[in-house]
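Novice: this is a predicted model, with the sequence first.
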Amino acid sequence: MDRVQDAFVDVSAEAGFEQRLEDLYREHGGRLWRAVAAFAGDREIASDAVAEAFAQALRAGRRIRSPADWVWRVAFRIAAGELKDRGRFGKVEERSYELDERAQAVIAALGRLSPRQRRAVVLHYYAGFTAREIASMTGSAGATVAVHLHRARKKLRDLLEDER
């Protein structure tokens with residue numbers, strides 16, 4: 001009887017996790033996609049990375065301690081891996097009616113940052129996370145994130161001033 005009861009507890013716990021993950025997707029999915037798209041400079045990479053991150057979270061189940069941090073970290077890692085495989089940051093190759101010139105300049109400048117600097121900038125300034133939260137998501141130290149943000153701001157300032 002105990003084994004049947006244990007199996008029921010496991011199934012109901014997984015169902016609870018799936019609901020939590022669905023709630024997480026509703027709360028973070030759009031913002032996560034936009035952040036990964038800004039990081040990668042490519043909508044397809046963003047779509048694939050976010051979908052795969054949530055699919056992996058479903059497979060991992062309750063073994064994940066902090067699903068939000070885990071999904072954000074995995075989505076960015078998947079996107080970074082795809083960029084590495086392609087050997088480039090996504091290019092804004094044609095003028096988009098969705099982006100004005102300034103936004104296109106910012107995305108192009110983001111492409112000239114290191115992946116870690118770009119991730120820190122997008123997570124901090126676009127997604128609104130603190131350096132401590134970014135450190136938790138990325139598995140790095142808060143001081144390291146602060147250094148990436150500092151260096152990225154300086155480089156972006158220089159790059160965007162050159163655009164004027």
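Specialist: Arrived safely.
Novice: from here on, just use CA atoms for contacts and neighbour counts.
Specialist: Will do.
Novice: quick one: contacts for L123?
Specialist: Counting by C-alpha atoms under 8 Å, 6 or more residues apart in numbering, L123 touches 35, 129, 134.
Novice: isn't the last one right next to Y125, touching?
Specialist: If I follow you right, that is I134. No. Under the criterion of C-alpha atoms under 8 Å, I134 is not in contact with Y125, lying 11.2 Å apart.
Novice: who's more crowded, the two?
Specialist: More crowded of I134 and Y125, by other C-alpha atoms under 10 Å: I134, with 24 against 12.
Novice: returning to that earlier point: looking at the contacts of L123, which are in helices?
Specialist: 35, 134 (DSSP state H).
Novice: burial count for G87?
Specialist: 9.
Novice: return the member of the contacts of L123 nearest to D69.
Specialist: I134 (8.5 Å; C-alpha to C-alpha).
Novice: which element is the spatially closest residue to R151 that is not a sequence neighbour on?
Specialist: Leaving aside its chain neighbours, R151 sits nearest to Q117 (7.5 Å; criterion: C-alpha to C-alpha, 6 or more residues apart in numbering). Here Q117, judged by DSSP states H and E, is contained in helix 115-121.
Novice: just checking, what packs against that helix?
Specialist: helix 2-40, helix 142-163 (3 or more C-alpha pairs under 8 Å, 6 or more residues apart in numbering; DSSP states H and E).
Novice: A131 is in contact with G142, correct?
Specialist: Yes. G142 lies in contact with A131 (C-alpha under 8 Å); the separation is 5.6 Å.
Novice: looking at the two, which one has more neighbours?
Specialist: A131 (22 against 17).
Novice: show me what contacts that one?
Specialist: With C-alpha under 8 Å, 6+ apart, A131 has these contacts: 120, 124, 142-143, 145-146.
Novice: cutoff 7 Å now
Specialist: 142, 145-146 (C-alpha atoms under 7 Å, 6 or more residues apart in numbering).
Novice: separation between it and L110?
Specialist: 18 Å (C-alpha to C-alpha, to the nearest Å).
Novice: also R26?
Specialist: 27 Å.
Novice: for F17, same thing?
Specialist: 35 Å.
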